[in-house]
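**Q** Just need the structure, nothing else, for what follows:
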Amino acid sequence: FGTALLDYYYGKYSEDIITSTNISDEDVLPLPYLFRDYSEMPKLEQKALQLAKGTVLDVGCGTGNHALWLQEKGFNIEAIDSSRGAIEVSKKRGVLNAELKPLLEETETFDTILLLMNGTGIFEELSEVSKYLKHLKSLLKPNGQILIDSSDIFLSNWISIAGVHLLL
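**A** As a prediction, this is how the structure comes out:
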């Protein structure tokens, strides 16, 4: 993933990324889409960014699209990703606080946690959802919020039952 992002960043675009996990269908991710600005984002993502408050954690930040927009608006934002290439691209694009870090290693607390662009994909397996949601909850400041989007209907319903707010 990171190699593809770096290739695109350096003008070596050759093919798109195909993703799949145990909890989501196979999906084609066009690389140019991963480098979009706010005006090109779906309304769902725009709404999530508008709802952000206080200190923000952008989980699975990818190329830094969300972090860059929030940073521009004056937010104190930490962007994390488990892909070295994604973090490198994020930094090159101007994200000030981007770190190579798996979500489960995060220990700071935040007012807003974002998991956008089918952010539930980081859970990898349905059996891991509870563990990730508990960890996310532990990272929230009082009155904090977790904003997640998911394209998987079953998983969306399951998380809603668990008490997490989803942007549907």
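**Q** can you count the residues close to the residue nearest to Cys61 when sequence neighbours are not counted?
**A** Leaving out its chain neighbours, the residue that sits closest to Cys61 by CB to CB, 6 or more residues apart in numbering is Ala79, at 3.6 Å. To be clear about C-beta, it is placed using only N, CA and C from the backbone, and glycine gets the same treatment. A count of nearby residues for Ala79, using other CB atoms under 10 Å, gives 30.
**Q** Am I right that Ala79 is in a strand?
**A** Yes: according to DSSP: H, G, I helix; E, B strand; the rest coil, Ala79 belongs to a strand.
**Q** State the distance from it to Lys131.
**A** Look at Ala79 and Lys131: by CB to CB, to the nearest Å, they are 22 Å apart.
**Q** Let me know the distance separating the residue nearest to Cys61 from Tyr13.
**A** Using CB to CB, Ala79 is found at 23 Å from Tyr13.
**Q** so where do the helices sit in this protein?
**A** Shown for the chain, the helices assigned by DSSP state H span residues 2-9, 43-51, 65-72, 84-93, 129-138, 153-161.
**Q** Would you mark the buried spots in the second one?
**A** Read that as helix 43-51. For helix 43-51, the neighbour count (16 or more other CB atoms under 10 Å) marks 45, 48-49 as buried.
**Q** can you check the fifth one too?
**A** Taking 16+ other CB under 10 Å as the basis for neighbour counts, the residues of helix 129-138 that come out buried are 129, 132-133, 136.
**Q** Just the closest of the buried residues of helix 43-51 to Phe35, please.
**A** For the buried residues of helix 43-51, the closest approach to Phe35 (CB to CB) belongs to Glu45, at 14.0 Å.
**Q** Residues in a beta bridge with Asp58, which ones?
**A** Per DSSP bridges, the residues bridged to Asp58 are Ala79, Leu114.
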